[in-house]
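In: structure for this input, please:
(one chain, ligands or ions: 1)
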Amino acid sequence: MKLANKVAVITGAATGLGRATAIGAAREGARLVLADIDEAGGEATAKLISAEGGTAHFVHTDLSQSADVRRLMDTVGEHFGHLDILINPAAILVDAGTRIDEYSEESWRRVIDVNLTGSFLLLKYAVPLLQKAGGGVVLLVISGAGVLGGSASLPYGSSKGGVRGLVLVAREQLRPLNIRIHAVSPGEMATNMKLGAIREMAEKAGHSADEAERESRPGLSPPEDSAAKLIDLASDAGAAAGDAVTIFDGDWDIETHSLRTPTNRRLQ
Ligand SMILES: NC(=O)c1ccc[n+]([C@@H]2O[C@H](COP(=O)([O-])OP(=O)(O)OC[C@H]3O[C@@H](n4cnc5c(N)ncnc54)[C@H](O)[C@@H]3O)[C@@H](O)[C@H]2O)c1
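Out: Take a look at the predicted model:
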(Lines give C-alpha, C1' and ligand atoms only; values in the text may rest on other atoms or scores of the structure.)
Protein backbone atom coordinates (compact mmCIF):
# COMPACT_ATOMS: atom_id res chain seq x y z
CA MET A 1 0.00 0.00 0.00
CA LYS A 2 1.36 3.36 -1.07
CA LEU A 3 0.40 5.32 2.06
CA ALA A 4 0.44 2.61 4.73
CA ASN A 5 0.04 4.15 8.20
CA LYS A 6 0.60 7.69 6.96
CA VAL A 7 -1.48 10.36 8.68
CA ALA A 8 -3.03 12.73 6.15
CA VAL A 9 -5.24 15.81 6.19
CA ILE A 10 -7.36 16.13 3.04
CA THR A 11 -9.58 19.16 2.48
CA GLY A 12 -12.56 19.53 0.18
CA ALA A 13 -13.44 15.96 1.11
CA ALA A 14 -17.19 16.33 0.54
CA THR A 15 -17.05 16.14 -3.24
CA GLY A 16 -14.94 16.26 -6.39
CA LEU A 17 -11.17 15.86 -6.24
CA GLY A 18 -10.99 16.04 -2.41
CA ARG A 19 -13.50 13.23 -1.99
CA ALA A 20 -11.81 11.04 -4.62
CA THR A 21 -8.40 11.67 -3.02
CA ALA A 22 -9.70 10.86 0.46
CA ILE A 23 -11.25 7.56 -0.65
CA GLY A 24 -8.18 6.64 -2.68
CA ALA A 25 -5.75 7.54 0.11
CA ALA A 26 -7.70 5.47 2.66
CA ARG A 27 -7.58 2.49 0.28
CA GLU A 28 -3.79 2.96 0.17
CA GLY A 29 -3.61 2.67 3.96
CA ALA A 30 -3.62 6.33 5.07
CA ARG A 31 -5.34 7.38 8.30
CA LEU A 32 -7.26 10.54 7.60
CA VAL A 33 -8.59 13.75 9.03
CA LEU A 34 -10.98 15.24 6.49
CA ALA A 35 -12.07 18.86 6.21
CA ASP A 36 -14.86 20.62 4.35
CA ILE A 37 -17.35 23.41 4.83
CA ASP A 38 -20.04 20.96 3.62
CA GLU A 39 -20.76 18.99 6.79
CA ALA A 40 -23.16 16.43 5.30
CA GLY A 41 -20.89 15.68 2.34
CA GLY A 42 -17.74 15.47 4.48
CA GLU A 43 -19.40 13.15 7.02
CA ALA A 44 -20.66 10.97 4.16
CA THR A 45 -17.10 10.55 2.81
CA ALA A 46 -15.79 9.69 6.29
CA LYS A 47 -18.59 7.12 6.77
CA LEU A 48 -17.89 5.51 3.40
CA ILE A 49 -14.20 5.17 4.33
CA SER A 50 -15.04 3.72 7.76
CA ALA A 51 -17.46 1.25 6.14
CA GLU A 52 -14.56 0.02 3.98
CA GLY A 53 -12.47 -0.54 7.14
CA GLY A 54 -10.44 2.69 6.88
CA THR A 55 -9.88 5.48 9.41
CA ALA A 56 -11.32 8.93 8.75
CA HIS A 57 -12.37 11.71 11.13
CA PHE A 58 -14.31 14.60 9.66
CA VAL A 59 -13.90 18.15 10.99
CA HIS A 60 -16.30 20.83 9.78
CA THR A 61 -13.91 23.54 8.57
CA ASP A 62 -14.14 26.85 6.78
CA LEU A 63 -10.59 27.22 5.50
CA SER A 64 -10.82 31.00 5.56
CA GLN A 65 -11.25 30.94 9.34
CA SER A 66 -8.10 30.64 11.43
CA ALA A 67 -10.00 29.15 14.41
CA ASP A 68 -11.45 26.41 12.17
CA VAL A 69 -8.07 25.49 10.72
CA ARG A 70 -6.51 25.42 14.19
CA ARG A 71 -9.30 23.12 15.40
CA LEU A 72 -8.67 20.88 12.39
CA MET A 73 -4.98 20.55 13.24
CA ASP A 74 -5.76 20.13 16.96
CA THR A 75 -7.90 17.15 15.98
CA VAL A 76 -4.95 15.68 14.07
CA GLY A 77 -2.76 16.16 17.15
CA GLU A 78 -5.33 14.56 19.48
CA HIS A 79 -5.86 11.48 17.33
CA PHE A 80 -2.40 10.89 15.88
CA GLY A 81 0.15 13.25 17.48
CA HIS A 82 1.75 14.08 14.13
CA LEU A 83 1.04 14.61 10.42
CA ASP A 84 2.74 13.08 7.38
CA ILE A 85 0.72 14.50 4.48
CA LEU A 86 -1.37 17.62 3.83
CA ILE A 87 -3.40 17.77 0.60
CA ASN A 88 -5.54 20.83 -0.12
CA PRO A 89 -8.01 20.45 -2.98
CA ALA A 90 -10.70 22.68 -1.37
CA ALA A 91 -11.37 25.88 -3.30
CA ILE A 92 -14.15 28.03 -4.69
CA LEU A 93 -14.79 29.64 -8.05
CA VAL A 94 -17.58 32.23 -8.14
CA ASP A 95 -18.98 34.65 -10.71
CA ALA A 96 -17.41 33.03 -13.76
CA GLY A 97 -17.32 35.37 -16.73
CA THR A 98 -17.94 38.61 -14.80
CA ARG A 99 -15.91 41.55 -16.08
CA ILE A 100 -13.56 43.33 -13.67
CA ASP A 101 -15.54 46.58 -13.57
CA GLU A 102 -18.62 44.62 -12.53
CA TYR A 103 -16.87 42.21 -10.19
CA SER A 104 -18.00 42.58 -6.56
CA GLU A 105 -15.43 43.31 -3.88
CA GLU A 106 -17.19 40.84 -1.57
CA SER A 107 -16.78 37.97 -4.03
CA TRP A 108 -13.14 38.92 -4.61
CA ARG A 109 -12.40 38.86 -0.88
CA ARG A 110 -14.23 35.59 -0.27
CA VAL A 111 -12.37 33.72 -3.03
CA ILE A 112 -8.99 35.06 -1.95
CA ASP A 113 -9.81 34.25 1.69
CA VAL A 114 -10.76 30.64 0.95
CA ASN A 115 -8.26 29.77 -1.78
CA LEU A 116 -5.16 31.75 -0.86
CA THR A 117 -5.46 32.63 2.82
CA GLY A 118 -6.90 29.15 3.43
CA SER A 119 -3.77 27.59 1.90
CA PHE A 120 -1.57 29.80 4.09
CA LEU A 121 -3.51 28.93 7.27
CA LEU A 122 -3.41 25.20 6.53
CA LEU A 123 0.33 25.29 5.93
CA LYS A 124 1.02 27.50 8.95
CA TYR A 125 -0.81 25.24 11.39
CA ALA A 126 0.28 21.96 9.75
CA VAL A 127 4.03 22.63 9.93
CA PRO A 128 4.44 21.91 13.69
CA LEU A 129 2.65 18.57 13.23
CA LEU A 130 4.70 17.73 10.13
CA GLN A 131 7.84 18.48 12.15
CA LYS A 132 6.69 16.02 14.79
CA ALA A 133 6.72 13.35 12.06
CA GLY A 134 10.27 14.36 11.10
CA GLY A 135 9.02 15.89 7.85
CA GLY A 136 6.35 15.17 5.27
CA VAL A 137 4.62 16.17 2.06
CA VAL A 138 2.35 19.12 1.27
CA LEU A 139 0.34 19.26 -1.95
CA LEU A 140 -1.51 22.51 -2.57
CA VAL A 141 -3.87 22.21 -5.53
CA ILE A 142 -3.68 25.03 -8.03
CA SER A 143 -4.84 25.28 -11.65
CA GLY A 144 -3.58 26.32 -15.04
CA ALA A 145 -5.82 29.34 -14.40
CA GLY A 146 -3.72 32.26 -13.24
CA VAL A 147 -0.55 30.20 -13.75
CA LEU A 148 -0.40 29.13 -17.40
CA GLY A 149 -3.13 31.40 -18.69
CA GLY A 150 -6.38 33.17 -18.01
CA SER A 151 -9.39 32.14 -15.99
CA ALA A 152 -13.18 32.31 -16.07
CA SER A 153 -13.00 34.12 -12.73
CA LEU A 154 -10.71 37.00 -11.72
CA PRO A 155 -10.10 36.12 -8.06
CA TYR A 156 -9.99 32.38 -8.77
CA GLY A 157 -7.13 32.72 -11.25
CA SER A 158 -5.44 35.31 -9.06
CA SER A 159 -5.70 33.08 -5.98
CA LYS A 160 -4.20 30.09 -7.80
CA GLY A 161 -1.27 32.19 -9.00
CA GLY A 162 -0.92 33.31 -5.39
CA VAL A 163 -0.85 29.76 -4.07
CA ARG A 164 1.88 28.91 -6.55
CA GLY A 165 3.81 31.90 -5.22
CA LEU A 166 3.24 30.71 -1.66
CA VAL A 167 4.77 27.34 -2.57
CA LEU A 168 7.74 28.98 -4.27
CA VAL A 169 8.50 31.02 -1.16
CA ALA A 170 7.65 28.42 1.48
CA ARG A 171 9.70 25.62 -0.02
CA GLU A 172 12.95 27.36 0.93
CA GLN A 173 11.80 27.46 4.55
CA LEU A 174 10.42 23.92 4.53
CA ARG A 175 13.37 22.14 2.88
CA PRO A 176 15.51 22.16 6.06
CA LEU A 177 12.51 20.71 7.92
CA ASN A 178 12.38 17.78 5.47
CA ILE A 179 9.00 18.94 4.19
CA ARG A 180 8.46 18.52 0.45
CA ILE A 181 5.92 20.95 -0.99
CA HIS A 182 4.38 21.10 -4.48
CA ALA A 183 1.74 23.15 -6.22
CA VAL A 184 -0.22 20.61 -8.24
CA SER A 185 -2.49 21.47 -11.13
CA PRO A 186 -5.01 18.77 -12.04
CA GLY A 187 -6.49 18.37 -15.50
CA GLU A 188 -10.02 19.45 -16.28
CA MET A 189 -12.40 17.30 -14.27
CA ALA A 190 -16.14 16.68 -14.32
CA THR A 191 -16.88 18.13 -10.88
CA ASN A 192 -19.39 20.58 -9.42
CA MET A 193 -16.87 23.41 -9.77
CA LYS A 194 -16.04 22.86 -13.43
CA LEU A 195 -19.57 22.04 -14.56
CA GLY A 196 -20.96 24.96 -12.55
CA ALA A 197 -18.55 27.40 -14.24
CA ILE A 198 -19.36 26.00 -17.69
CA ARG A 199 -23.11 26.39 -17.05
CA GLU A 200 -22.70 29.92 -15.65
CA MET A 201 -20.58 31.07 -18.60
CA ALA A 202 -23.09 29.62 -21.09
CA GLU A 203 -26.03 31.33 -19.39
CA LYS A 204 -24.21 34.67 -19.34
CA ALA A 205 -23.56 34.29 -23.08
CA GLY A 206 -27.26 33.54 -23.66
CA HIS A 207 -26.68 29.86 -24.51
CA SER A 208 -28.22 26.71 -23.09
CA ALA A 209 -26.44 25.59 -19.90
CA ASP A 210 -27.55 21.98 -20.44
CA GLU A 211 -26.14 21.95 -23.96
CA ALA A 212 -22.86 23.52 -22.83
CA GLU A 213 -22.52 20.90 -20.09
CA ARG A 214 -23.31 18.04 -22.50
CA GLU A 215 -20.76 19.30 -25.04
CA SER A 216 -18.02 19.76 -22.45
CA ARG A 217 -18.36 16.40 -20.69
CA PRO A 218 -16.30 14.30 -23.17
CA GLY A 219 -13.29 16.59 -22.59
CA LEU A 220 -13.43 16.27 -18.80
CA SER A 221 -11.82 13.46 -16.82
CA PRO A 222 -13.15 11.81 -13.65
CA PRO A 223 -11.59 13.28 -10.48
CA GLU A 224 -10.36 9.79 -9.56
CA ASP A 225 -7.68 10.09 -12.30
CA SER A 226 -6.15 13.21 -10.76
CA ALA A 227 -6.65 11.81 -7.24
CA ALA A 228 -4.49 8.81 -8.17
CA LYS A 229 -1.71 11.19 -9.23
CA LEU A 230 -1.93 13.17 -5.99
CA ILE A 231 -1.66 9.92 -4.04
CA ASP A 232 1.40 8.80 -6.01
CA LEU A 233 3.02 12.18 -5.45
CA ALA A 234 2.24 12.09 -1.71
CA SER A 235 3.76 8.60 -1.39
CA ASP A 236 7.43 7.94 -0.69
CA ALA A 237 7.92 7.24 -4.41
CA GLY A 238 6.80 10.82 -5.05
CA ALA A 239 10.06 12.03 -3.49
CA ALA A 240 11.56 11.43 -6.93
CA ALA A 241 9.77 14.60 -8.01
CA GLY A 242 12.55 16.29 -6.05
CA ASP A 243 12.41 20.03 -5.94
CA ALA A 244 9.83 20.53 -8.68
CA VAL A 245 7.53 23.27 -7.50
CA THR A 246 4.68 23.02 -9.93
CA ILE A 247 3.40 19.75 -11.27
CA PHE A 248 0.79 19.58 -14.00
CA ASP A 249 -1.57 16.70 -14.38
CA GLY A 250 -0.08 14.10 -16.65
CA ASP A 251 3.41 15.56 -16.49
CA TRP A 252 4.45 13.60 -13.43
CA ASP A 253 5.25 10.04 -14.38
CA ILE A 254 5.50 7.90 -11.29
CA GLU A 255 6.85 4.95 -13.27
CA THR A 256 9.86 6.69 -14.74
CA HIS A 257 10.20 9.14 -11.84
CA SER A 258 10.42 11.99 -14.28
CA LEU A 259 8.66 15.21 -15.13
CA ARG A 260 7.68 14.88 -18.74
CA THR A 261 7.20 18.26 -20.35
CA PRO A 262 9.59 21.11 -20.93
CA THR A 263 6.73 23.46 -20.03
CA ASN A 264 6.81 22.14 -16.53
CA ARG A 265 10.54 22.65 -16.19
CA ARG A 266 10.25 26.22 -17.38
CA LEU A 267 7.72 26.89 -14.67
CA GLN A 268 9.66 25.41 -11.77
N1 LIG B 1 -12.52 20.80 -11.78
C2 LIG B 1 -11.54 21.18 -12.58
O3 LIG B 1 -11.60 21.04 -13.80
C4 LIG B 1 -10.30 21.81 -11.98
C5 LIG B 1 -9.30 22.25 -12.86
C6 LIG B 1 -8.13 22.79 -12.33
C7 LIG B 1 -7.99 22.89 -10.96
N8 LIG B 1 -9.00 22.48 -10.12
C9 LIG B 1 -8.78 22.59 -8.68
O10 LIG B 1 -8.96 21.30 -8.10
C11 LIG B 1 -9.46 21.45 -6.76
C12 LIG B 1 -10.71 20.61 -6.58
O13 LIG B 1 -11.70 21.12 -7.43
P14 LIG B 1 -13.10 20.38 -7.65
O15 LIG B 1 -13.39 20.54 -9.07
O16 LIG B 1 -13.08 19.05 -7.01
O17 LIG B 1 -14.06 21.38 -6.83
P18 LIG B 1 -15.48 21.11 -6.15
O19 LIG B 1 -16.19 22.40 -6.13
O20 LIG B 1 -16.14 19.94 -6.76
O21 LIG B 1 -15.07 20.74 -4.63
C22 LIG B 1 -14.49 21.69 -3.77
C23 LIG B 1 -14.73 21.30 -2.33
O24 LIG B 1 -14.20 22.35 -1.51
C25 LIG B 1 -15.14 22.60 -0.45
N26 LIG B 1 -15.02 23.96 0.05
C27 LIG B 1 -15.46 25.11 -0.55
N28 LIG B 1 -15.23 26.17 0.24
C29 LIG B 1 -14.63 25.71 1.36
C30 LIG B 1 -14.17 26.32 2.56
N31 LIG B 1 -14.29 27.64 2.77
N32 LIG B 1 -13.60 25.56 3.51
C33 LIG B 1 -13.50 24.21 3.31
N34 LIG B 1 -13.93 23.55 2.23
C35 LIG B 1 -14.50 24.31 1.25
C36 LIG B 1 -16.51 22.36 -1.12
O37 LIG B 1 -17.53 22.18 -0.15
C38 LIG B 1 -16.22 21.14 -1.96
O39 LIG B 1 -16.42 19.95 -1.23
C40 LIG B 1 -9.66 22.95 -6.57
O41 LIG B 1 -8.55 23.49 -5.91
C42 LIG B 1 -9.75 23.49 -7.98
O43 LIG B 1 -9.37 24.83 -8.03
C44 LIG B 1 -10.14 21.95 -10.61
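In: ramachandran angles for the spatially most central residue of the chain?
Out: The centroid of the chain falls nearest to P89 when counting by CA atoms, centre = their mean (1.9 Å). Here is the backbone geometry of P89 (degrees, to the nearest 10): phi -90, psi -10.
In: so it makes contact with A14?
Out: No - with contact defined as CB atoms under 8 Å, P89 does not reach A14; the gap is 10.5 Å. Heads up, the C-betas are built off the backbone N, CA and C, glycines and all.
In: quickly list what's touching both of these two.
Out: The contact sets of P89 and A14 do not overlap (CB atoms under 8 Å, 6 or more residues apart in numbering).
In: which residues touch K2?
Out: 28-29, 231-232, 235-237.
In: just the buried ones among these, please.
Out: With burial judged by 16 or more other CB atoms under 10 Å, the buried subset of these is 28, 231-232, 235.
In: for these, work out which two are farthest apart.
Out: By the measure CB to CB, E28 and D232 form the most distant pair in these, at 9.4 Å.
In: distance check, the residue nearest to the centre of the chain against D74.
Out: Computed as CB to CB, to the nearest Å, the P89 to D74 distance reads 22 Å.
In: again with L233
Out: The value you get for L233 to D74, if CB to CB is used, is 27 Å.
In: now T45: which helix or strand?
Out: helix 39-51 (DSSP states H and E).
In: below-threshold pLDDT in this structure: ranges please.
Out: Where the chain drops to pLDDT under 70, the residues are 250-268.
In: for it, what lies in contact range of the ligand?
Out: For the chain, the residues in contact with the ligand (CB under 6 Å from any ligand atom) are 11-12, 14-18, 35-38, 41, 61-64, 89-92, 114, 141, 143, 186, 188-189, 191-194, 223.
In: picking that back up, report the buried residues of the helix holding T45.
Out: For helix 39-51, a neighbour-count test (16+ other CB under 10 Å) marks 41-46, 49 as buried.
In: show me where the stretch 151-268 of the chain has its helices.
Out: 154-174, 192-204, 209-216, 223-234, 262-267 (DSSP state H, counting those that start in this stretch).
In: of all those, which one is nearest G134?
Out: Of all the helices of the stretch 151-268 of the chain, helix 154-174 sits nearest to G134, with 13.0 Å by CB to CB.
In: circling back to that earlier point, packing partners for the helix holding T45?
Out: If contacts are counted by 3 or more CB pairs under 8 Å, 6 or more residues apart in numbering; DSSP states H and E, helix 39-51 sits against helix 16-27, strand 31-36, strand 55-60.
In: in the protein, what residue comes closest to the ligand?
Out: Across the chain, no residue is closer to the ligand than G16, which sits at 2.2 Å (CB to the nearest ligand atom).
In: I figured that residue hits M193, correct?
Out: Yes - judged on CB under 8 Å, G16 makes contact with M193 at a distance of 6.4 Å.
In: which one's more surrounded, those two?
Out: Counted by other CB atoms under 10 Å, G16 and M193 do not tie: G16 has more neighbours, with 24 against 20.
In: list the contacts for that one?
Out: Applying CB under 8 Å, 6+ apart, the residues contacting G16 are 89, 189, 191-193, 223.
In: and with 7 Å instead?
Out: Contacts of G16 were listed using CB atoms under 7 Å, 6 or more residues apart in numbering, and they are 189, 191-193, 223.
In: from T191, how far off is the residue of the chain closest to the ligand?
Out: Distance of G16 to T191, given as CB to CB: 4 Å.
In: any common contacting residues for these two?
Out: Both G16 and T191 are contacted by P223, under the criterion CB under 7 Å, 6+ apart.
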